[in-house]
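Participant: next comes the sequence, and after it the predicted model I'd like to discuss.
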Amino acid sequence: MKQKAMFMCLSEKAQSDRMFLLESFQIEPYKTKRMIELFEKLPSKDHKVLIVLEGSHPLLLRSVRNIPYMKAVSVNSLNVMDVLENDFFVTTEQGLNQIETMYHKLHLAKRAS
């Protein structure tokens, strides 16, 4: 059930042009000001943004935590409420592939039991 809810939420974000796929999160230097500048270029300005990271990015997490309208989580801790509560969803292609793989494995494990 959770898998279906997650795919429904992500599909809705994609269909309503509220999902952005980036090539990578290589943003130098990792500063809060730099993150604000980057996201001002996107139509997500002044909206709640969920950034989903495919791996460990402690510097990126630090640069986002002081921005009240942004939240960064790893693929492993992604949940439906985070997707619903935020207006925009930002990740990389690799992050999206990890989400698909993770939820597909859960679906297969549930079917096997």
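Facilitator: Structure's in. What do you need? Residues are numbered from 1 along each chain as shown.
Participant: low-scoring pLDDT stretches of this structure, where are they?
Facilitator: Counting by pLDDT under 70, the chain has low-confidence residues at 1, 105-113.
Participant: need the nearest residue in space to the residue nearest in space to the middle of it, chain neighbours excluded.
Facilitator: By CA atoms, centre = their mean, the chain has its centre lying nearest to Val52, at 2.7 Å. Nearest non-adjacent residue to Val52, counting by CB to CB, 6 or more residues apart in numbering: Thr91, 4.0 Å away. Using the backbone N, CA and C atoms, a C-beta is placed for each residue, glycine as well.
Participant: residues in contact with the one you found?
Facilitator: Met19, Phe20, Leu21, Leu22, Ile51, Val52, Leu53, Glu54, Val75, Ile99 (CB atoms under 8 Å, 6 or more residues apart in numbering).
Participant: then Tyr30?
Facilitator: Listed by CB under 8 Å, 6+ apart, the contact set of Tyr30 reads Leu59, Leu60, Arg62, Ser63.
Participant: if anything else comes up later, I'll come back, but that's it for now.
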